[in-house]
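Q: coordinates for the following, if possible.
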Amino acid sequence: MSRPRQPPLVTGISPKEGAAWTKVTIRGENLGTGPADLIGLSICGHNCRLTAEWMSASKIVCRVGPAKDDKGEIIVTTKSGGLGTSTVSFKLIRPERIGILDQSAVWVDEMNYYDMRTDRNKGISPLSLRPANPLGIDIDKGKIPQKDMELTFPGMSGDFTSENFSATWYLIENHAGSNFEQLKVAAANLKKHSTKKNEGSLSSVKGGLSTFFEAQDALSAIHQRLESDGTEKVEGSMTQRLENILNRASDTADTLFQEVLGRKDKADSTRNALNVLQRFKFLFNLPLNIERNIQKGDYDVVINDYEKAKSLFGNTEVPVFKKVYEEVETRIGALRSLLLEKLLQTPSTLHDQKRYIRYLSDLHAPGDPAWQCIYAQHKWILQLMQNCRDEFISGQRVGVGAVEPEGDARPAALARLGHTPSLKRGGSLRTPRPSTWRSETPQQVQFVEKLSDVVIGQLPNFWKLWISYVNGSLFSETGEKSGQVEKSKKNARQRQNDFKKMIEELTNRLVKLIRGALLPATLPQAELGLYAGWESKTELTGAWLTQIIHTVRGCHDALSALEIPNDMLQVIQDLLLDLRVHCLMVTLHHTTEDVRRLAEKEDWVVDNEGITSLPSQFEQCMIQMLQSLKEPLDIKAGEINVRRQRVSAAGREVFITCLEQLSTKSDGDGEASHMSVDLSSPDHFSGIQEGFTPTSEQRLLIILSNCQYLERHTFLNLADHFEKHGFTGTEKITRVSVDAVRELDRKLFEAYIERRADPIAGSLEPGIYAGYFDWRDCQTPSGVRNYLKEALVNIITVHAEVFTVSKDLVPRVLSKIVESVADEMCRLMQCVSSFSKNGALQTRPELRPLALRCSSLTVLTVFARSASFKLALDALPQLHSGADKKLLEELLNKFKSSMQLQLTCFQPSSYQPVKR
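A: Here you go, the predicted model:
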């Protein structure tokens, strides 16, 4: 035998209280094995089995009937478990019964109103009692999408109350996992429900059978009386009396119910109005909601509500709806004006511009808001650029802080772009500046940097706004609203030439403003008043122009990174070329002036090699010029090369001219230059000797020494620097410079030799013939005469002067002086018509003071080896006697002994010969 089941136990009900016909959910244990096992259900003593719907062994759904008890238990009875128990109770709330003549502040449920005549409650609609699960088996929802079901069963529905109900759809949707046995149980449940409904109808008829009989009897009695009285209307007859009674009843009813019916009509009208307000409260509340959402900035909500109202009531003919919709249109029109004002307001971010354009497009604003925004931005950027120039011209700008383009809140630029070699997204063209930068930087430089910041800060957003307008992303980021996107693309194609003109106008304005500040001569005469006016400002040096070129290049690179066509940026390339040429010319001019002023800085203080600071200063000046020209001479993509030959030769000719001028300065030129003032002050030469003031001959030596240093070092170093900076043809320029220096060296050397050699050579002839000396009648020689010693002392004086400045010049200078003296000595000897024996002996030691043993060690060997020396010796009588030769030897040794100290300066250990 099977084990008996436990009786049903109700442990919960939801809700726990309610009026009659409230739908409740009962939960518990052992509530049956299926719909057929449930045979009884009572709540508060009322049988609710008719509305019960078995869901599972722990759940039953039903409606509470009009029970007699206000509170009671929930009892479930099953075939398998018998009569059950309950641990909870349900409280039945009885609504106050209101008659048709009674006033009420609440709506009366007309589905179940109280009938005073029959004292019975009318039943509820059968549809309200339809079970949620008509088959009575577990519901297993399928996972087939609704769209697939509609495609499979076109025109049908899975709702069993629908006229197009499809049983197959319902089974697939709610019982896809049920097996065949469960479906058989479901079919049996349907039959059982159908039988119960028929029995319920029949039982209601049986319950009112006596009433039907009474009504039938009353109608039969009336019929018999009418037949006995006849059909005519006779006074006092039953028909007449009945008519009078009915008329009086009608008048009494009218008296009684006129007020009630009036109130009922008014209530019905109010109810209908409230129903309309409730049903269409969206429309009636829409004007106020629009106003509130506009104040909060919830434009998306406003647009969605407006689209909904337009689709529902846009074409309505109902006067009330039409009036409210007109008010909605008025508010939307005000919103369009507000959004258009915000859109055209400057400055503004790109994100806000796109947002406002989409709002206006969704609100079907007239015209083309996107193009209006582009046009307004174009005018605003032009005005920003012009204001920047006007403020600098009027002197209101000291630094770089005004006319800050707001909007994107990005730092001046370029950041930010994207990307350029000198600009990062969100960055600026300017490098960090010291605190004194604003007061030191010329106004033109500040203006160009500020103007570039304005362009880089605003033009990228302007260009991106146009690109969004072209590709339609202003209206849809996801590809929706294809109609608006296509319309935008069509408008963009029509306005493409107009936008190109806008970009060209912006770039031309940028270029003209910069030209007006830096190159006013390149502007037409008619535009000078609009863009020029910087004449009173500081003239810029090459370094500042280099910084401006760097700024303009950064601006061009930032715009190129936006993929703006090159033909629109060609004017900036042309400006860069003119700026580079101008910077080159200014730098060359300033370098030339700096080199020319080097002569004023000459202090004549020499180092151990006889070099002053002048060549070093010249080299440094040229190197600085190269560094300042690195940016202008550098060639970027799309730029034209600037000729560099002139740069290589710049300053060299001027410096050589300066050296030549320094060599010709006289001590008396006190007002001519600072050099003359320096020479008159001994303090400036304390580095060499206390109270040192160079003479004109010493200046010649110093400049000769500097010329040698230029040839050997400076020009070669400069050639290396120029080659490192990409200059070509430096060999030719170096060769020309060296030739020029050599030519100057030759002139200065000849001038110095002329000043020093001529007095020595000129003193020979008076010295030879002093005391009426005669070669044909002279005494026996006792030594070298004093005129030759005096000449040697004078040569030694020149040696000392040259050695003090530069020992490298000694061989070259002394060789030339000794050669000049020797030539003059030999000329004088050759002019003697005849020599006596003693005259011949006197001549030989004077012609060959160091011809013996020391001849290879002194510069006087020039004298001994010269052709004129040989000719002079050949003209002398030959010495044949040994006594004469011995006497000559003794005279030479005596000379060497007496002049030994003076001759030491001619030792080769004290200097090295110079190779020219």
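Q: hey, let's count contacts and neighbours off CA atoms from now on
A: Will do.
Q: low-confidence ranges in the stretch 751-900 of the chain?
A: Along the stretch 751-900 of the chain, the model assigns pLDDT under 70 to residues 771, 847-875, 877, 880, 900.
Q: and the helices in it?
A: Assigned by DSSP state H, counting those that start in this stretch, the helices in the stretch 751-900 of the chain fall at 764-768, 786-805, 810-830, 837-847, 861-865, 867-875, 882-898, 900-903.
Q: just the CA trace of the second one, in PDB.
A: By that I understand helix 786-805. Output of helix 786-805 as PDB, limited to C-alpha atoms (Å, rounded to 0.1, in the frame of the first residue of the first chain):
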ATOM      1  CA  ASN A 786     131.400 102.300 -34.900                       C
ATOM      2  CA  TYR A 787     128.900 102.900 -37.700                       C
ATOM      3  CA  LEU A 788     128.600  99.100 -38.200                       C
ATOM      4  CA  LYS A 789     128.300  98.500 -34.500                       C
ATOM      5  CA  GLU A 790     125.600 101.200 -34.300                       C
ATOM      6  CA  ALA A 791     123.700  99.400 -37.200                       C
ATOM      7  CA  LEU A 792     123.900  96.100 -35.400                       C
ATOM      8  CA  VAL A 793     122.600  97.700 -32.200                       C
ATOM      9  CA  ASN A 794     119.700  99.200 -34.100                       C
ATOM     10  CA  ILE A 795     119.000  95.700 -35.600                       C
ATOM     11  CA  ILE A 796     119.100  94.300 -32.100                       C
ATOM     12  CA  THR A 797     116.600  97.000 -31.000                       C
ATOM     13  CA  VAL A 798     114.200  95.800 -33.700                       C
ATOM     14  CA  HIS A 799     114.800  92.200 -32.600                       C
ATOM     15  CA  ALA A 800     113.800  93.200 -29.100                       C
ATOM     16  CA  GLU A 801     110.700  95.000 -30.300                       C
ATOM     17  CA  VAL A 802     109.600  92.100 -32.400                       C
ATOM     18  CA  PHE A 803     110.500  89.500 -29.800                       C
ATOM     19  CA  THR A 804     108.400  91.300 -27.200                       C
ATOM     20  CA  VAL A 805     105.400  91.000 -29.400                       C
END
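Q: which parts of that helix are buried?
A: 787-789, 791-796, 798-799, 801-805 (16 or more other CA atoms under 10 Å).
Q: what's the answer for the first one, then?
A: In terms of neighbour count (16+ other CA under 10 Å), helix 764-768 has its buried residues at 764, 767-768.
Q: for it, name the packing helices and strands.
A: helix 786-805, helix 810-830 (3 or more CA pairs under 8 Å, 6 or more residues apart in numbering; DSSP states H and E).
Q: need those helices in JSON lines (columns: distance to Gly82).
A: Below are those laid out as JSON lines (distance: least, CA to CA, whole Å):
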{"stretch": "helix 786-805", "distance to Gly82": "140"}
{"stretch": "helix 810-830", "distance to Gly82": "145"}
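Q: by mean pLDDT, point me to the weakest helix or strand of the chain.
A: When each helix and strand of the chain is scored by mean pLDDT, DSSP states H and E, helix 674-679 comes last, with a mean of 31.
Q: which helix or strand contains the residue lying farthest from the centre of the chain?
A: Ranked by distance from the centre of the chain (CA atoms, centre = their mean), the top residue is Ser228, with 111.9 Å. Under the criterion of DSSP states H and E, Ser228 resides in helix 209-229.
Q: distance between that helix and the chain's centre?
A: 102 Å (CA atoms, centre = their mean, to the nearest Å).
Q: check stretch 710-719 too.
A: 47 Å.
Q: before we move on, back to that, nearest to Asn508 among the buried residues of helix 764-768?
A: Comparing the buried residues of helix 764-768 against Asn508 with CA to CA places Leu764 closest, at 81.8 Å.
Q: for the closest one, give me its contacts.
A: Leu764 sits next to 787-788, 791, 824-825 when contact means CA atoms under 8 Å, 6 or more residues apart in numbering.
Q: do Lys141 as well
A: By CA under 8 Å, 6+ apart, the neighbours of Lys141 are 173-176.
Q: Serialize those to JSON lines and add fields for distance to Ile245.
A: As requested, the contacts of Lys141 are exported to JSON lines (distance: CA to CA, whole Å):
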{"residue": "Glu173", "distance to Ile245": "63"}
{"residue": "Asn174", "distance to Ile245": "62"}
{"residue": "His175", "distance to Ile245": "64"}
{"residue": "Ala176", "distance to Ile245": "68"}
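Q: including distance to Thr507, neighbour count and pLDDT, could these go into JSON lines?
A: Shown next, in JSON lines, are the contacts of Lys141 (distance: CA to CA, whole Å; neighbours: other CA atoms under 10 Å; pLDDT from 0 to 100):
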{"residue": "Glu173", "distance to Thr507": "68", "neighbour count": "20", "pLDDT": "81"}
{"residue": "Asn174", "distance to Thr507": "70", "neighbour count": "17", "pLDDT": "82"}
{"residue": "His175", "distance to Thr507": "73", "neighbour count": "20", "pLDDT": "81"}
{"residue": "Ala176", "distance to Thr507": "71", "neighbour count": "16", "pLDDT": "79"}
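Q: quick one on the thing from earlier: of the buried residues of helix 764-768, which is the nearest to Leu809?
A: Using CA to CA, those come closest to Leu809 at Leu764, 25.0 Å.
Q: and Thr270, how many neighbours?
A: By other CA atoms under 10 Å, 12 other residues sit near Thr270.
Q: just the element for it, please.
A: Thr270 is part of helix 238-279, with elements assigned from DSSP H and E.
Q: distance between stretch 801-819 and the chain's centre?
A: Taking CA atoms, centre = their mean, the mean C-alpha location of stretch 801-819 is offset from the chain mean by 69 Å.
Q: ends of that stretch, what's the gap?
A: Terminal residues of stretch 801-819 are spaced 18 Å apart (CA to CA, to the nearest Å).
Q: on that earlier part again, who are the packing partners of the helix holding Thr270?
A: The contact analysis (3+ CA pairs under 8 Å, 6+ apart) places helix 238-279 against helix 209-229.
Q: that's all I had, so thanks and see you.
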